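Undergrad: what follows is a predicted structure for the sequence shown.
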Amino acid sequence: MADKPDYKSTMNLPKTDFPMKASLATREPERLAFWDELDIYKRSLEVNEGGPLWILHDGPPYANGHIHMGTAFNKVFKDLIVKYKTMRGYVSPYVPGWDCHGQPIEHQVERNLGPQAMKTISRADLRTKCREWALEFVKIQADEFKRLGVRGDFDDPYLTLNHAYEAGNVRIFKAMYDRGMIYKGRKPIHWCIRCHTALAEAEIEYSDEVSDSIYVKFEFTDKPAAWAEAQGQVHVVIWTTTPWTLPANVAVTLAPDADYVGVRVGDDVLVMAEKLVEQVAKEAGWTDFEVLPHRVKGSELAGLRYKQPVHDGMTGVIITGDHVELSTGTGAVHTAPGHGEDDYLVGLKFGLPMPMPVRDDGTFDAGGGPFEGLNVWDANPVIVEWLRDKGTLVAAGKISHSYPHCWRCKQPVIFRATEQWFVSMDKAAEGVRPLRESAMDAISKVEWIPGWSVNRISSMVADRPDWCISRQRAWGVPIPVFSCVRCGETVATDETFDAVIKLWEVEGADSWFIRKPSEYLPEGTACPSCGGTDLKPEDDILDVWWESGVSHTSVLDARPELRRPAEMYLEGSDQHRGWFQSGLLTSVGAYDEPPFRSVLTHGFIVDGDGRKMSKSLGNTISPVDVVAKSGADVVRLWACAADYGQDISVSSEILDRTSEAYRRIRNTFRFLLSNLYDWDPAKAVAFDDMVEFDRYAMVTLADLVERVTKAYEEWRFHMVYRHIYDYCVVDLSSFYLDVLKDRLYADGATSLERRSAQTVLAAMLSTMVRLVAPVLTFTSEEIWQSMPDALRGDAMSVQLAGWPTVEVPADADRVRDDYRIVLEVREVVTKALEEARGAGTIGKSQEAKVVISAPESVAKVLLGRPRLADLFITAQAEIVVGSDALKVDVLPAQGSKCPRCWNLRTDVGSDAEHPELCGRCAGVVAAI
Ligand SMILES: [Zn+2]
Ligand SMILES: [Zn+2]
Ligand SMILES: [Zn+2]
């Protein structure tokens, strides 16, 4: 007797080098090196050469700090789309960009230098330091994005500080200036009297300050109807902590829906919000006062006029506004549009004048009336005494409150309107459509994804005030106009614009601060008003939103591989206020056309409890850390799985779940790979010769491709994830592949049955790896490189492999219908098996025999299936035809266990040569 036969060696057990454990954090860099060597970005464009263009135009992140979960999500999302489009045959160039100018970088550099150095540094030197800072972070972020698997032209990105980019700003400015959309106006900003400079919000420090707190009465020019019969004069009472702003008062704002009453105090009737009467009385120390019976809404007093409190013979107007608070003061707000943000906005709304009598150094000009020449801080007590003398001071005290201070000199700052450049929303040159009108029209021509986002952008553009594009900073692109030194007139013509464009293309915007205008402007350029030739370049720089906005011209128009409009802009929902809008307005302003065909918006990143991520809450997650721990593909799978139409949650639990889902998808691929070690396309089985169950699997695969492709096309990426995950877990792991194991491992290696199964596995592998490639960019490449050479064709990377299509057999519909019934029966059988196992009737399902009594229609389908028991993973399955309802009985299986395939079979011993084996195994072993 020979040794006990080694049946294991006669089995076709799975074999693969593809590791179960992903070790993404350490293995992903190998893929990066592979792509670098391949020059994957260049090849991704070449592979579709001559095909249609599809451009996703990158919105530039700010070149300051490391990337966060929001920027990571956004970039991965873009990469997913670009890779999908490439695989669909489009030429899809992706040029990453960075926003390099702006106040946060300048402020960071200023802080690093310190207040002392800031006093002496030149604007040109400050700009050099800002440039170094920005370029350093461009490099850091580029490395972080690449590590996430993002593919793009990282060797030649667009930077808003590049010369050609800077010149693009002038092209748009010129076009919009010529079309009458740009004008000079005034707007209040934080201003430091000591430093003679404008301050941005980030340069403001709040600390407590003791201020005057005064109540002042303004006499109505005509008595309001409600108090027409009352004795004495009627006044509206205001409260302010900045007496020095009273010379600039032009209006009093009331809450439209609040109740206002007249209070008799001595000879006067004082009008104020009913809710605040007691409080004012206490402040003013009134012992004897009477609230008159009439009560009116703020809106009923609107339009009445009163005597301006400082300037004799002038009047102000009563208006209403939603910013009026009824917790302090009188409910009647002193309004000076040149000295406050709310005042400015309400002033714009009502078309109020905007006097601004304070000079750069904080002293009053003639507009200060009796206080001309005084510094505003010195003027405060003088004004209070002056009001007291005049008899209009109702009460005066002191208040300690939080007040803005200059970060440099620590002195309190003021709000002061200065000359600024604006884009007009509603005014344009003769024959040119106003910006708001053409922008609204352009919005209607763009596809907004998700659909509701059109409402957001529409209402923002419909309601927005004129766009203030001036910033009083150093680090940015100057507003490209000149002023006449002699008379102050603006000098801006096509010739001066063209000269600036030419200069900046070569030397960049830095030249603005170094060269004299006479060096580059055409000879003879002169002031149109006085003929003066001494011209001064504008000091203000452009709003950074303008700068990034003109990328449609500085990037899409300028680079040969791109074009305007782009197919898509894709950013977070905050960009309806930011880049989407600045891109739209500058494009419509210059060309009457939107810069994009579609705009996709995604939600904000929040933590597991839906809270915004912030350092102070301590709930931030760094994508760099996640990549180092779990790998970039887990970040990418998380991004794909999120429903981006709402806020996107991330937490370590969510990432753990994502890792688990990743593991299941990976293991499915591993199973496919491990059963194809002896397969090549020459061994494929034709549809008609396939085992029917395999034809069914091909139908499900074709259906998967259709579902997943549809989800990609409809930008429903979370459904891409859902379909693929469900297919791996439900269709494959718990059914098809589970059933297939016996046939794959125990049938003859080269049998039709096994080759039929392998034909399906090969199709699944080469199809699914491409379906997941845009998302799991690293893993799909790892799979691709592990696939049998013949399956890969000539695509060196899965990214170049194109999109899969799966042919379906002619009888697909019949197969689908039959298997729907089989699956329904299987569900009942599985339940019955579970119950039997619970009751101890059987052990494993492989040790059971099921007797299925079924109506004729169902039984017919079951009887047509060869190896029916395999479908239920049982030893035997018997069909009884003709019962009214489906019924399943579970019995212990008959026969004995085959030592090769471990199945219980009734034909064990039927073969004389191998009496211990089942018939199938005996045949296989005999053939070896
Ligand atoms: Zn200061
Ligand atoms: Zn002039
Ligand atoms: Zn066997």
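TA: All right, it came through fine. Numbering: from 1, shown residues only. Ligands and ions are numbered 1, 2, ... in the order given.

Undergrad: which residues of this protein lie near ligand 1?
TA: By the rule CB under 5 Å from the ion, the part of the chain lying against ligand 1 is 192, 194-195, 406, 408-409. Any C-beta I mention is one placed from the backbone N, CA and C, and that applies to glycine too.

Undergrad: got the buried residues for stretch 561-578?
TA: Going by neighbour count (16 or more other CB atoms under 10 Å), the buried part of stretch 561-578 is 562, 564-573, 575-576, 578.

Undergrad: let me have the residues you listed in JSON lines, extended by secondary structure.
TA: Shown next, in JSON lines, are the buried residues of stretch 561-578 (DSSP: H, G, I helix; E, B strand; the rest coil):
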{"residue": "Leu562", "secondary structure": "coil"}
{"residue": "Arg564", "secondary structure": "coil"}
{"residue": "Pro565", "secondary structure": "coil"}
{"residue": "Ala566", "secondary structure": "strand"}
{"residue": "Glu567", "secondary structure": "strand"}
{"residue": "Met568", "secondary structure": "strand"}
{"residue": "Tyr569", "secondary structure": "strand"}
{"residue": "Leu570", "secondary structure": "strand"}
{"residue": "Glu571", "secondary structure": "strand"}
{"residue": "Gly572", "secondary structure": "strand"}
{"residue": "Ser573", "secondary structure": "helix"}
{"residue": "Gln575", "secondary structure": "helix"}
{"residue": "His576", "secondary structure": "helix"}
{"residue": "Gly578", "secondary structure": "coil"}
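
Undergrad: out of those, which one sits closest to ligand 1?
TA: Ligand 1 lies nearest to Gly578 out of these, by CB to the ion, at 29.0 Å.

Undergrad: with respect to pLDDT, which of the residues of the chain next to ligand 1 ranks lowest?
TA: Ranked by pLDDT, those bottom out at Arg408, which has 77.

Undergrad: circling back: give me the buried subset of the residues of the chain next to ligand 1.
TA: The neighbour-count test (16+ other CB under 10 Å) applied to these identifies 192, 195, 406, 408 as buried.

Undergrad: the last one reaches Pro115, doesn't it?
TA: What it means is Arg408. Yes. With contact defined as CB atoms under 8 Å, Arg408 and Pro115 form a contacting pair (4.9 Å).

Undergrad: so where's this protein uncertain?
TA: Within the chain, the ranges that satisfy pLDDT under 70 run 1-4.

Undergrad: closest to the centroid, which residue in it?
TA: Nearest to the mean C-alpha position of the chain, by CA atoms, centre = their mean, lies Gly572 at 1.8 Å.

Undergrad: bridged to it, which residues?
TA: His602 (DSSP bridges).

Undergrad: can you give me the helices in the stretch 301-450 of the chain?
TA: For the stretch 301-450 of the chain, applying DSSP state H, counting those that start in this stretch gives helices covering 341-350, 376-390, 435-445.

Undergrad: now the stretch 651-800 of the chain
TA: Counting by DSSP H, counting those that start in this stretch, the helices of the stretch 651-800 of the chain are 652-674, 692-713, 717-726, 737-746, 752-772, 777-786, 789-792.

Undergrad: and the contacts of the longest one?
TA: The contact list for helix 652-674, computed with CB atoms under 8 Å, 6 or more residues apart in numbering, reads 14-16, 18, 20, 22, 608, 621, 626, 630, 633-634, 637-638, 641, 724-725, 728-729, 732-733, 737, 761-762, 764-765, 768-769, 772, 776, 779, 783, 786-787.

Undergrad: residues of it that come out buried?
TA: Buried residues in helix 652-674, defined by neighbour count with 16+ other CB under 10 Å: 654-655, 658-659, 661-662, 665-666, 668-674.

Undergrad: now the angle from that helix to helix 752-772?
TA: Taking axes from the mean of the first three to the mean of the last three CA atoms, to 10 degrees, one finds helix 652-674 and helix 752-772 inclined to each other by 140 degrees.

Undergrad: make sure Thr253 is indeed in a strand.
TA: Yes. Thr253 forms part of a strand when assessed by three-state DSSP.

Undergrad: is it in a bridge, and if so with what?
TA: Bridge pairing for Thr253 - DSSP bridges - gives Ile319, Val333.

Undergrad: neighbouring strands - and their directions - for the longest strand seen in the chain?
TA: Criterion DSSP state E: the longest strand present in the chain is strand 204-219. Using DSSP bridges, the strands paired with strand 204-219 are strand 234-240 (antiparallel), strand 393-406 (antiparallel).

Undergrad: any chance of the ones you listed in a markdown table, plus distance to ligand 3?
TA: Compiled in a markdown table, the strands paired with strand 204-219 are given as follows (distance: least, CB to the ion, whole Å):
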| stretch | distance to ligand 3 |
| --- | --- |
| strand 234-240 | 96 |
| strand 393-406 | 84 |
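
Undergrad: nearest to Cys918, out of those strands?
TA: Nearest to Cys918, of all these, is strand 393-406, at 86.9 Å by CB to CB.

Undergrad: buried residues in the closest one?
TA: For strand 393-406, a neighbour-count test (16+ other CB under 10 Å) marks 393-396, 403-406 as buried.

Undergrad: which residues of the stretch 251-400 of the chain fall in strands?
TA: Ranges of strands in the stretch 251-400 of the chain, per DSSP state E, counting those that start in this stretch, are 251-254, 259-265, 268-273, 290-297, 305-307, 315-320, 332-335, 393-406.

Undergrad: from the chain's centre, how far out does stretch 526-533 sit?
TA: With CA atoms, centre = their mean, to the nearest Å as the basis, stretch 526-533 stands 48 Å off its chain's centre.

Undergrad: now stretch 155-172
TA: 23 Å.

Undergrad: ok, stretch 678-691 next?
TA: For stretch 678-691, the distance to the chain centre is 46 Å (CA atoms, centre = their mean).

Undergrad: separation between Ala326 and Gln279?
TA: If you look again at residue 326, you'll see it is Leu, not Ala. To Gln279, Leu326 is 10 Å away according to CB to CB, to the nearest Å.

Undergrad: the stretch 701-850 of the chain against ligand 3: which residues are in contact?
TA: Residues of the stretch 701-850 of the chain lying near ligand 3 (CB under 5 Å from the ion): none found.

Undergrad: meant to ask about the chain
TA: Taking CB under 5 Å from the ion as the measure of proximity, the chain contacts ligand 3 at 898, 900-901, 918, 921.

Undergrad: now, among the residues you listed, which is nearest to Glu274?
TA: When these are compared for distance to Glu274 (CB to CB), Cys901 comes out closest, at 91.9 Å.

Undergrad: okay but the closest one is in contact with Cys921, surely?
TA: Yes. Because the distance of 5.3 Å satisfies CB under 8 Å, Cys901 is recorded as touching Cys921.

Undergrad: buried ones in stretch 128-136?
TA: By neighbour count on 16+ other CB under 10 Å, the buried set for stretch 128-136 is 129-131, 133-134.

Undergrad: OK, contacts around Leu113?
TA: By CB under 8 Å, 6+ apart, the contact list for Leu113 reads 121, 129.

Undergrad: now the angle from the helix or strand hosting it to strand 393-406?
TA: Assigned by DSSP states H and E, Leu113 falls within helix 103-120. With the same axes, to 10 degrees applied, the angle from helix 103-120 to strand 393-406 works out at 90 degrees.

Undergrad: kindly export helix 103-120 (C-alpha atoms) in CSV.
TA: Presented in CSV, the C-alpha positions along helix 103-120 are these (Å, rounded to 0.1, in the frame of the first residue of the first chain):
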residue,chain,number,x,y,z
GLN,A,103,-3.2,89.6,3.9
PRO,A,104,-2.7,86.4,5.9
ILE,A,105,0.7,85.8,4.4
GLU,A,106,1.7,89.5,4.6
HIS,A,107,0.5,89.5,8.2
GLN,A,108,2.5,86.4,9.1
VAL,A,109,5.6,87.9,7.6
GLU,A,110,5.0,91.2,9.4
ARG,A,111,4.7,89.3,12.7
ASN,A,112,7.9,87.4,12.1
LEU,A,113,9.6,90.7,11.4
GLY,A,114,8.2,92.4,14.4
PRO,A,115,6.9,96.0,14.7
GLN,A,116,10.4,97.6,14.7
ALA,A,117,11.6,96.0,11.5
MET,A,118,8.2,96.8,9.9
LYS,A,119,8.9,100.5,10.4
THR,A,120,11.9,100.5,8.1
